[in-house]
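> need coordinates for the below:
(3 chains)
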Amino acid sequence: MPELPECEASRKAVEAGALNRTIEGFEEHNTIHLELPGPQDRDRLKGHQFTETHRHGKHIFAGSKSGPWIAVHLGMTGSLKTFDAPRDLPDYAHFIIRFEGDRRLIYYNPRKFGWMRVIDDPHDWIANKDLGPDAMEIGDNMFADRIGGSRGTVKSALLDQKKLAGVGNLWADEALYRAGIGPEVKGTELGSDRIATLYKEMRASLQGVLDVNADYGKLPGDWLIHNREEGADCPRCGGTITKKTVGGRTAYFCPDYQEAA
DNA sequence: TCCATTGTTGTGGG
DNA sequence: ACCCACAACAATGG
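Numbers count the residues shown, from 1 in each chain, chains lettered A, B, ... in the order given. All right, here's what the predicted structure looks like:
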């Protein structure tokens, strides 16, 4: 799932392979129902270069001081990669920006939930979107206010992009697991100690995934990510991993390791 | 056939 | 007015 660390891996791919080259053209394949830049926006991009990238939560941006920017949302299955004149692209390489020298930036998205738009400025755009602070940028006090002040479940609060941008279903579960907090605990039931623990463990979860560039196979075996199956043994206490819908999403957690209230 | 995933949107309750 | 919960929607493969 492209959450903050996976989006960061895509941002890095853009940073490494798609900067400082003039945009020459576009290709698209099987793009029905996928929101992409239209003819006018493509004309705006053509002839410009991307010179910098930015990421906020699950949104990725590329552009330059004076030129247009692209804003990208990867939905649930998207990714960005660069190639030199690739052949044999899969069907889900839906949109391609072609730069000088045959370099290509490819927007993959098998499930087609997601989009790419052309915008003027990422910081203005973020400010107008009612997005919360990035989960790796937010400070401990603001985290405590936003998550601890939530009357709903702590899991719903972590997933709310207006409170905190970047955490999705997988890493919300991982953070709660590490913190020993049940997903159905209310934000307002968390004391300052447990909020502080959750803040620390959320950062540790995200940083751990960032450190392996979102290659899950490189994460330690005692992470919940490797045990997201009903009835699996909890790698930390020997309890049983349980599956339950919380806040409309599937939560996996260990009722023994994670306190209910 | 149903389920899983995401953000958005609309509705309704407190 | 605000906060929160829930359902529906989009595409697709398992």
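
> pull up the residues of the stretch 151-261 of chain A that are close to DNA strand B.
Within the stretch 151-261 of chain A, the positions adjacent to DNA strand B are A:159, A:161, A:168-170, A:249-250 by Cβ under 7 Å from any atom of the strand. C-betas here are computed from N, CA, C, even on glycine.

> just those now: which is nearest A:Ile195?
A:Leu159 (16.6 Å; Cβ to Cβ).

> and that closest one, how many neighbours?
A:Leu159 has 20 neighbouring residues, counting by other Cβ atoms under 10 Å.

> do the same with the one 3 residues further on
Residues near A:Lys162, counting by other Cβ under 10 Å, number 10.

> which parts of chain A sit against DNA strand C?
Close to DNA strand C, as judged by Cβ under 7 Å from any atom of the strand, chain A has residues A:30, A:32-33, A:110-113, A:149-153, A:156-157, A:160, A:187, A:247-248.

> from those residues, list the buried ones, please.
Neighbour counting with 16 or more other Cβ atoms under 10 Å marks A:112, A:150, A:153, A:156-157, A:160, A:187, A:247 as buried within the residues of chain A next to DNA strand C.

> among the residues of chain A next to DNA strand C, name the ones in helices.
Judged by DSSP state H, the subset of the residues of chain A next to DNA strand C located in helices is A:156-157.

> filter the residues of chain A next to DNA strand C down to just the ones in strands.
Residues of the residues of chain A next to DNA strand C located in strands (DSSP state E): none.

> would you pull up the residue in chain A closest to DNA strand C?
Closest residue of chain A to DNA strand C, Cβ to the nearest atom of the strand: A:Gly152 (2.6 Å).

> returning to what we had before: which pair of the buried ones among the residues of chain A next to DNA strand C spans the longest distance?
Across those (Cβ to Cβ), the longest gap, 33.5 Å, separates A:Lys112 and A:Gly187.
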